[in-house]
Structures are given as C-alpha cells and as structure tokens.
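S.K.: I need the structure of the sequence given here:
(one chain, ligands or ions: 1)
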Amino acid sequence: AGSDRPATTADAATGTDETVPESTDETDTRPITVDEPTGGLTAGLDPVLQQAAGTWIAWGDGDADFDVTDEHDCVAVPPNDPSYTLQRIALSDEAIDSYYYGFSNRVLWPLCHGFTDLVETRSNDFEWYRTVNERFAEAVREHATADSVVWLQDYHFALASQMIRDRVPQSTTVAQFWHIPWPTSTTFQHCPAGRTLLEGLLGNDLLGFHVDRYAERFLDCVHRYLPAADVDWDRRTVTSGEQTTRVVATPMGIDAESYDQDARSVSASQRSSLFDRYDIARENVIGLGVDRLDYTKGIPERLAAVERFLEWNPSSHGEFTFVQTATPSRTDIPAYERYGEFVRSEVERINQRFGTQAWNPIVYTEDYLSAAELCALYRRADLMIVSPLVDGMNLVAQEYVASSVDGDGMLLLSQGTGAHETLGSHALTIDPTDTDGVARQLERALSLSPAERHLRMNTLRKRVFDGNLEWWMTAQFDWIRRVRNETLRDDAT
Ligand code: GDG
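M.R.: Now for the predicted structure:
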C-alpha cells in the first residue's frame, strides 16, 4: 500500500477491466472489479506473485461502514487465469483519515523529507497507524508459513515488521523497502514515537533504501536513539536481541523497455493532440515538468527559474513553452491545498507578466494524462526540469530518459533526488533553491551542441536501462535470499 493512489484491488491485480463474479462467501456478496495495473511497482510485483502463487495484501477505501477489525476481501487474480491471491483490507473513513492522511502523510512524509515545520500531530493518528499496522500483521499471520517471504512496501508500515515477526515462525523472512528518504538524526529527533518506529523497523531481516545516504542515516538514528542495539557499520547490520537486520541501498528503476517502446509507437497525431489541447505552437521549444502536486517537488522554485530565464531572454518569448503537469494528491491535507493554490497563482502571475494573446509561457494542467499521452510528451519535450527539494528516488526523471528515443532530450536534475546519484554525472545538475543557477542551466541546456546532447542522453539511457525495474527486483530478491540463508545457517548452529 505504498502508492499515492492507494493500493486497492484496482492497483494490485492484473487483467483488463474485468469484473470478478460475486464471491460465494455468504458474508461478502459485493462484486469486485479488477483493473489492469498502470506500471511501476505493480508491474514488477505482479509476475513475482504469479510465479510464487503468493498473496498480495493491500488496503482499499472499501465500504464506509467497515472498521479495521476483521473484514476483508480475498480474490484470486488474474480473474481469467488465477495464480495468486489478492486480499484487500477495508479501512473505515476514520481509519484512512488518521492512518493515511494522518500519521503517514502529516507526520512521516514531511519529517522524512525534512519539512519539520509541516509536521502535524493530531490525537489518535498514531493509534490508528498502530492499529492498521497490526491489522496487516494479523492478515500476514493468516498466510505466512515457515518458508514464506513477506515483503512490505514503504513508510505506511513502520511498525508492521516487528508485529509480523512476533506472529510468524522464526524462519519466515521479513523484508521492507522504504521508498522515501530517511532523514538525518537531527531531524529524526522530532519524530513522534521515533524509538517505537525504529524498533518496529528492526523486525525486518532486510531493510532497503534507494541510496547509501538514507541507509547510513538510518543506522545513525539506530545508533543514537536505540543504544541497546548493536550497529555493525561495515556490514550494515543492526543486531537487537535475537534479531539481525541488514540495511541495503538498491535504487529503484523503471520498466525502461516499455517506456522506450511506447515512445517509439506514439503516433504523430497523438503527439500533436496535446499541442492542440493546450494550444501550444507546434514548432516551439518545449520544457517539461511532471509531478504529483506535492510540496517536496519544487514546482514554485522551477517556475521562478523559468521566469528568470524569460527575463534574461526576451528572444525566447513566443518560442519557448514550459509545460507543467501537476496531479493533485492528498488534497485533504491543508498543506497540499495551500501549495496547490500557490502554484496556480504563480502560473497565472508569470503568464500575465509575459504572455501575449497568441502565447503563454507556461501551460499548466492538473489533468491525469494517459500513459500514452505522458510518453508522447516525454518524447517531444526538448528538456525536462526535475527539481524536487528532496525526493527519495524520482521515477519521472528515468521515464523521461527512457522515452527520449531520439537521444536529444536534456535533463536538468536536482541534487536533492535519489536519482541524482545514478544520473547526476550526465544530467545538468541543479540546486532548485538557486533561481539564477537553474535559469543558467536552462540557458546552457538550450545551447548545447547536438553532439553533446546525444552523448549525455545516450549515457543516461544506458544507466536507466541497466538499472531498470527488473534489475531492482532481482537485487532485492538476491538480498532476501542471502539474509534468508544467513538466518537458516544461524538457526542450524
Ligand atoms: C515515491 C517517492 C520514489 C505523474 N503524473 C502522471 C503520472 N505520474 C506518475 C509518473 C511516475 C509517478 O507518477 C511519480 O513517481 P515519482 O517517483 O516521481 O514520485 P512519487 O509519487 O513521490 O513516488 C519517490 C517513488 O516513490 C518510487 O520509490 O521514486 O521518490 O516519493 O511514475 O509517471 N502518470 C500518468 N499520468 C500523469 O498525469 N500516467
């Protein structure tokens, strides 16, 4: 349940818009629809689960009457050729408000990204977080055997691994991937229930982060705040009582081949339809930003840099268009609502300042684009600005690179992203808070020779293809196998 579009049945299963016949279980007669997943982690996990005939446990917003007690749906997927089980934990509105919009996204998300001023603690949120984690642990207990591998995704389950560990056989392997940054120990000291969370995460045999600095910060937090735990800095393990947790860094990749293929198969009319829809002159130089509308993504900073560029380059007026797509998310949280209002007002101000009847420098949309439209945009964009202030990894940068099949796109990439670790050397590095600096990199991008553009993009493409989703999944499961063998060896001695 680590995605921002909550992992409901619709996110987690394969198949194509099929409706599963009503369950024969007397207690549950609601029909369940199963949609084809749109990619990302779902696309990677689906074949693994099919092969292992496993169980995917996810939450859904379900029926408002449902509580977090013991209601759940189990469905065999894919509907036309069932090979694994999808179990949905239905959460009540109150549970979702406190667990997801509360502790997960009003405390952990801002804190892990270093936005301590946005941390909002409300009564009951942590209790609901604990309750939902417990509910998942209970669901895992129902399925897990001594041979099972349990793999948890993300910050919504910081307590679950220890709860699972307490409920399953010792030889069951428990692993987790933390998709967002881990903060410095100075920031982490502001985390409510911080020690409890660290203890919870140490229920894992394996804990994965995207990059080394997050893994190191996690070990530092354990060292400082759980003095009884033994940190081995060289092996990157923590031993606490009987349990040893191995901490690793494996940067997540994308299904690069499918972006490449989609970009190649985008028709000319698909490409031009976006230009028609947003009224962009076909021949214009296109800059692009694609984000969830989230205060970590540095959208106003990016717009400020585009504004500076326009100030410095009157000759670009009418000929340069910056397209920003911003998908609203977590809109129930006031900080997101305020951010959205600010972004919209900045777009309007800059367009009023420089726009003419025939041209707006910024085309802004909150539409959720189809995968084909997104690919068309990635392929057509002359440059992309990825400017999060802090971002665990950032898949958008990789998607742009994989879709730049003509080899001449230019990537401006924030040093605050995890992706910068792997792509920084051949992207144009930016510090999003340095408006002049980003504007200068924008000018530089537009003056690069075609040869240099190709050289940079081809190197970036190699990195993205080498470190693709399959590589990441394999790396995770290689580590899981390794810690599992170590545990079995320890048990035997
Ligand atoms: C978290 C971490 C980490 C966006 N707009 C549209 C659309 N998207 C898709 C993109 C991309 C995804 O949303 C966003 O992924 P990111 O990685 O950029 O960012 P987060 O959502 O914050 O993800 C992040 C990630 O987890 C994985 O570990 O990289 O650091 O914060 O896939 O394509 N997709 C479509 N239309 C849109 O309008 N189809």
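
S.K.: quick check: residues of this protein near the ligand?
M.R.: 4, 40, 179-180, 252, 290, 292, 325, 327, 368-369, 371, 374, 391-396, 399 (CB under 6 Å from any ligand atom). Backbone N, C-alpha and C define where each C-beta goes, glycine included.

S.K.: just the buried residues of the residues you listed.
M.R.: Buried subset of those (neighbour count, 16 or more other CB atoms under 10 Å): 40, 179-180, 252, 290, 292, 325, 327, 374, 391-396, 399.

S.K.: which two from those residues end up farthest apart in space?
M.R.: Within these, I180 and L374 form the most distant pair, 22.4 Å apart (CB to CB).

S.K.: for V343, give me phi and psi.
M.R.: Dihedral pair for V343: phi -60, psi -50, per degrees, to the nearest 10.

S.K.: quick one: it and R308, what's the gap?
M.R.: Distance, V343 to R308, using CB to CB, to the nearest Å: 17 Å.

S.K.: more crowded one of the two?
M.R.: Shown here are V343 and R308; by other CB atoms under 10 Å, V343 has more neighbours (22 against 18).

S.K.: quick one: contacts for the closest residue to the ligand within the stretch 151-300 of the chain?
M.R.: Distances between the stretch 151-300 of the chain and the ligand by CB to the nearest ligand atom are smallest at H179, namely 3.5 Å. By CB atoms under 8 Å, 6 or more residues apart in numbering, the residues touching H179 are 2, 153-155, 210, 252, 392-393.

S.K.: how about those residues, which pair is most distant?
M.R.: Largest separation among the contacts of H179 by CB to CB: Y155 and M252, giving 14.4 Å.

S.K.: list the buried residues of stretch 483-493.
M.R.: Within stretch 483-493, the residues that count as buried by 16+ other CB under 10 Å are 483-484, 487.

S.K.: can you check stretch 279-298 too?
M.R.: Applying 16+ other CB under 10 Å to stretch 279-298 flags 280, 284, 286-298 as buried.

S.K.: and what of stretch 118-131?
M.R.: 118-119, 125-126, 128-131.

S.K.: only C-alpha atoms, please: export it in CSV.
M.R.: Extracted as CSV, the C-alpha positions of stretch 118-131 are listed here (Å, rounded to 0.1, in the frame of the first residue of the first chain):
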residue,chain,number,x,y,z
LEU,A,118,4.8,20.9,8.2
VAL,A,119,4.6,18.0,10.7
GLU,A,120,1.1,18.0,12.2
THR,A,121,0.4,15.7,15.1
ARG,A,122,-3.3,15.1,15.8
SER,A,123,-4.7,13.0,18.6
ASN,A,124,-5.5,9.4,17.6
ASP,A,125,-3.4,9.4,14.4
PHE,A,126,-0.6,7.4,15.8
GLU,A,127,-3.0,4.9,17.5
TRP,A,128,-4.7,4.4,14.2
TYR,A,129,-1.4,3.9,12.5
ARG,A,130,-0.5,1.2,15.1
THR,A,131,-4.0,-0.4,14.7
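
S.K.: what is the mean pLDDT for that stretch?
M.R.: What stretch 118-131 shows for mean pLDDT is 97.

S.K.: go on, stretch 269-287?
M.R.: The average pLDDT for stretch 269-287 rounds to 86.

S.K.: quick one on the thing from earlier: which one of the buried residues of stretch 279-298 is nearest to S240?
M.R.: Of all the buried residues of stretch 279-298, S240 sits closest to T296, with 30.9 Å by CB to CB.

S.K.: with adjacent residues omitted, what lies nearest to that closest one?
M.R.: Spatial nearest neighbour of T296, chain neighbours left out: H113 (4.8 Å); criterion: CB to CB, 6 or more residues apart in numbering.

S.K.: that neighbour contacts W182, correct?
M.R.: No - at 10.4 Å, H113 does not count as touching W182 under the criterion of CB atoms under 8 Å.

S.K.: with neighbour numbers in mind, choose between the two.
M.R.: Using other CB under 10 Å, the more surrounded residue of H113 and W182 is W182, with 26 against 22.

S.K.: next secondary structure after whichever strand or helix holds R440?
M.R.: Per DSSP states H and E: R440 is located in helix 435-447. Later in the chain than helix 435-447, the nearest helix or strand by DSSP H and E is helix 450-466.

S.K.: out of the buried residues of stretch 279-298, who's nearest A53?
M.R.: Among these, and counting by CB to CB, the member closest to A53 is R292, at 33.6 Å.

S.K.: dig out what the closest one forms beta bridges with.
M.R.: R292 forms beta bridges with T327, as assigned by DSSP bridges.

S.K.: for A76, see how far away it is.
M.R.: According to CB to CB, R292 and A76 sit 32 Å apart.

S.K.: same question, P300
M.R.: To A76, P300 is 47 Å away according to CB to CB.

S.K.: more neighbours: which of these two?
M.R.: Shown here are P300 and A76; by other CB under 10 Å, P300 has more neighbours (17 against 13).

S.K.: was I right about the more buried one contacting R344?
M.R.: No - if you go by CB under 8 Å, P300 and R344 don't touch, sitting 10.5 Å apart.

S.K.: re the thing from before, a markdown table for the buried residues of stretch 483-493, including secondary structure and distance to L446?
M.R.: Formatted as a markdown table, the buried residues of stretch 483-493 follow (DSSP: H, G, I helix; E, B strand; the rest coil; distance: CB to CB, whole Å):
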| residue | secondary structure | distance to L446 |
| --- | --- | --- |
| V483 | helix | 48 |
| R484 | helix | 51 |
| T487 | helix | 54 |
